[in-house]
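Asker: mind looking at a prediction? Sequence and model below.
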There are 2 protein chains.
Amino acid sequence: MTESVLNIEGYMCPLPLAHNERIVLAHGSGGRMSFDLISKLFLPAFDNPILRLGDDAGLVTIRGEGDTTLARLAISTDSHVVSPLFFPGGDIGRLAICGTVNDISMLGARALYLTAGFVLEEGLDMETLQKVVASMQSAAEEAQIRIIAGDTKVVQKSKADGLYINTTGIGLIPDGIDISGSRARPGDDIILSGTIGDHGIAVLAARGELKFETDLSSDVAPLNGLVAAMLGAGREIHVLRDPTRGGLATSLNEIALQSKVGILINEEAIPVRPAVQAACEMLGFDPLYVANEGKLVAIVEQGSAEETLARMKDHPLGKEAAIIGKVTENRQLHVSLRTAYGTTRMVDMLSGEMLPRIC
Amino acid sequence: MTESVLNIEGYMCPLPLAHNERIVLAHGSGGRMSFDLISKLFLPAFDNPILRLGDDAGLVTIRGEGDTTLARLAISTDSHVVSPLFFPGGDIGRLAICGTVNDISMLGARALYLTAGFVLEEGLDMETLQKVVASMQSAAEEAQIRIIAGDTKVVQKSKADGLYINTTGIGLIPDGIDISGSRARPGDDIILSGTIGDHGIAVLAARGELKFETDLSSDVAPLNGLVAAMLGAGREIHVLRDPTRGGLATSLNEIALQSKVGILINEEAIPVRPAVQAACEMLGFDPLYVANEGKLVAIVEQGSAEETLARMKDHPLGKEAAIIGKVTENRQLHVSLRTAYGTTRMVDMLSGEMLPRIC
């Protein structure tokens, strides 16, 4: 644990926030500017070892009398501000459930309970709210979790955009499970559960920002079932992460920093739907940076990848899973991509803002 | 537990949402329209026994192998949209910490961890955010809890109002503690921890809505220390509730419904600061409906009120505590007020909206 703390701190180090600086959309990108805001503003204030770990969820130990361990819990929170509220394959309600279930699952926890906090804009029609709430419940049933506390606030017109939903989730980490972004080791294999970029491009299409028709759907789905199937293989999984805002490239960079390793991925091994590829080419995007909401990256012990992959392919959400690369020794903690042409290039975190309000 | 479920369901029963209905500010009032929205829209969708109980926090039991109980947790969520962001005695950051710590404490739980989800408006100056975050950390230290997970989203200008903060909290309920809004029994005494209406009127003053100068401050404070002191008396506490949105009157009505009892309070026993009284008279408000953020109502076993009261008075946040009434048998589940003139009148839940965006 100390190692990963040092990593994040090593990155955090220098530049203070500039005088007169203001919040821009890129601070919510999930990329480098989000990382900067967290490192320079939130972490120094709230500083504690759990937060500093930088995983998708916080791992807390509930202790009883005499400091005995009662339970290890994974806790994660996400506010959802996606625009538009409804998009092919999902809506803000489904997203709010899946996003949080997935973050908890990335510590190997069994997702149990969610809370839901709503900020509603005055004038929102009740039918829209009902649809969103029904979608939340349907996703909650799919993920087999329960919503056990809620809150509703209303703000005046033009002080929100329809509605925003915060969900916070709690899961129980079974004994013997130790999954963290800090546990990647040189030699480990990297598995991706399916195609990348579907969610980001589907939301873009719903905004009418694509010049062509597409039947592409968001991949938004709860990944806890897939993770349970993977853990069932009984082989050591070191890292799990769902590449949401900032995309696969940003997630891999975070892991490289947390684990103090390098990462090498093969472009040809990464599944991308033709429609996503076409949209990205048209818009000048790289699918490596486009958000996913139903995909995960697993970093597994050397020699166990085939077995884990087989379990994933047996699950509906892992049918297109593929081994996409390896963890390497690299003092610069770089993520590198071997291109289809056989050359290798560095892949950085997302810088700036690509797609605002994607989740 | 079944009883209180029946109560809430009994209330929930009839009118479906009207066609073409829209969200109005009063749906966020914490009063009857909030209750209606929860009863008619959220509860039917998310229906489960924990949510149906209608307490300030959800009580969940974490179970291990063979269904053994590992821990009983109180979990609560609150989104904070107060306007303005800073007001005498506090700010949105302090409010976000205390509001959630207090909700957890109302189940008698020891507050342990919080998550924080931010929705930031593009253009927000970093200095404001830094001040709010520093205030959150300072309140977290005061309450002795840790913020262990966070999330930041950014929305375009005029899609939020500076910033909104969701906090979700987790606390451990010690063995033997069983506090719920459904446990009030005829004969129980009702204690209030101090003056009412300070928070609501202080926020109103910060908005420039009072015609006179006042040095009134919000009472926003973490109540977990006071609750610990009260539990230390070793006497049975049946109900704890912090009367926030909707004020004391709404909280007592909720308890009457949950516990299937009547409640009788004495107007003269309820402490109200002169400045709050004056502001209320000027604005046509009743202090019974004005929000508090650092007060609690306790309903205690008959005969134990004096002992609990003494513990409260020894604590800085309970110096003005007072016994304000009694739980009665009443088939209509009414809350009644004995006025200073010796007459008795019914006190309903807050209906409509009094003060939007008070928390």
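Answerer: Structure received. Residues are numbered from 1 along each chain as shown, chains lettered A, B, ... in the order given.
Asker: domains in chain A, by residue range?
Answerer: If you go by automatic domain parsing, the domain ranges for chain A are A:4-19+A:179-347, A:48-172.
Asker: helices of the stretch 151-300 of chain A, residue ranges please.
Answerer: A:198-206, A:224-231, A:247-259, A:274-283 (DSSP state H, counting those that start in this stretch).
Asker: now stretch A:307-316, how far from the centre of its chain.
Answerer: Chain-centre distance of stretch A:307-316: 20 Å, with Cα atoms, centre = their mean, to the nearest Å.
Asker: contact partners of it?
Answerer: Stretch A:307-316 is contacted by residues A:191, A:193, A:225-226, A:229-230, A:232-233, A:235, A:237, A:298, A:300, A:318-319, A:321-323 when judged by Cβ atoms under 8 Å, 6 or more residues apart in numbering or on different chains. Just so you know, the C-beta spots here come from the backbone N, C-alpha and C atoms, and that holds for glycine as well.
Asker: burial count for the residue of the stretch 251-359 of chain A at minimum distance from chain B?
Answerer: Closest residue of the stretch 251-359 of chain A to chain B, Cβ to the nearest Cβ: A:Arg357 (6.3 Å). Number of residues near A:Arg357 (other Cβ atoms under 10 Å in any protein chain shown) recorded here: 20.
Asker: which SS state does it fall under?
Answerer: coil (DSSP: H, G, I helix; E, B strand; the rest coil).
Asker: ok, it touching A:Val82?
Answerer: Yes: contact criterion Cβ atoms under 8 Å: A:Arg357 and A:Val82 qualify, at 5.8 Å.
Asker: report the contact partners of the residue of the stretch 251-359 of chain A closest to chain B.
Answerer: A:28, A:81-83, B:153, B:155-156.
Asker: give me the subset of the residues you listed that lies in strands.
Answerer: B:153, B:155 (DSSP state E).
Asker: what is the nearest of the contacts of A:Arg357 to B:Met282?
Answerer: B:Val155 (36.7 Å; Cβ to Cβ).
Asker: the closest one and B:Leu124 touch, don't they?
Answerer: No: the pair B:Val155 / B:Leu124 is not scored as a contact, 10.3 Å apart, by Cβ under 8 Å.
Asker: export the helices of the stretch 151-300 of chain A as CSV, with columns for distance to chain B and mean pLDDT.
Answerer: Formatted as CSV, the helices of the stretch 151-300 of chain A follow (distance: least, Cβ to the nearest Cβ, whole Å; pLDDT from 0 to 100):
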stretch, distance to chain B, mean pLDDT
helix A:198-206, 14, 96
helix A:224-231, 15, 98
helix A:247-259, 14, 97
helix A:274-283, 19, 95
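Asker: what's the local residue count around A:Ser304?
Answerer: 18.
Asker: list the contacts of it.
Answerer: If you count contacts by Cβ under 8 Å, 6+ apart, then A:Ser304 has A:189, A:233, A:235-236 around it.
Asker: which among these gets closest to chain B?
Answerer: Nearest to chain B, judged by Cβ to the nearest Cβ, of the contacts of A:Ser304 is A:Ala233 at 20.3 Å.
Asker: could you give the number of residues near the closest residue to chain B within the stretch 201-350 of chain A?
Answerer: Closest to chain B within the stretch 201-350 of chain A is A:Arg245: 9.0 Å, counting by Cβ to the nearest Cβ. A:Arg245 has 26 neighbours, counted by other Cβ under 10 Å.
Asker: ok, it to B:Ile97 distance?
Answerer: 26 Å (Cβ to Cβ, to the nearest Å).
Asker: check A:Asn330 too.
Answerer: 41 Å.
Asker: of the two, who's got more company?
Answerer: B:Ile97 (29 against 16).
Asker: do I have it right that the more buried one meets B:Met136?
Answerer: Yes: between B:Ile97 and B:Met136 there is a contact under Cβ under 8 Å: 5.4 Å.
Asker: off-centre distance for stretch A:193-207?
Answerer: 14 Å.
Asker: do stretch A:249-260 as well
Answerer: The answer for stretch A:249-260 is 13 Å, by Cα atoms, centre = their mean.
Asker: so what touches it?
Answerer: A:3-4, A:7-8, A:11, A:30-31, A:35, A:53-55, A:180-185, A:190, A:239, A:241-243, A:261-263, A:265, A:286, A:288-289, A:297, A:299, A:327, A:330, A:333-335, A:347-350.
Asker: show me which of the residues you listed are buried.
Answerer: The neighbour-count criterion (16 or more other Cβ atoms under 10 Å in any protein chain shown) marks A:4, A:7-8, A:11, A:30-31, A:35, A:53-55, A:180-185, A:190, A:239, A:241-243, A:261-263, A:265, A:286, A:288-289, A:297, A:299, A:327, A:330, A:333-335, A:347, A:349-350 among those as buried.
Asker: helix or strand for A:Leu73, which one?
Answerer: Element membership for A:Leu73 (DSSP states H and E) is strand A:69-80.
Asker: that strand near chain B at all?
Answerer: Yes: residues of strand A:69-80 contacting chain B under Cβ under 8 Å from any Cβ of the partner chain: A:70-71, A:73, A:75-80.
Asker: any chance of the helices of the stretch 151-300 of chain A in JSON lines with distance to B:Asp198 as columns?
Answerer: Formatted as JSON lines, the helices of the stretch 151-300 of chain A follow (distance: least, Cβ to Cβ, whole Å):
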{"stretch": "helix A:198-206", "distance to B:Asp198": "45"}
{"stretch": "helix A:224-231", "distance to B:Asp198": "44"}
{"stretch": "helix A:247-259", "distance to B:Asp198": "45"}
{"stretch": "helix A:274-283", "distance to B:Asp198": "53"}
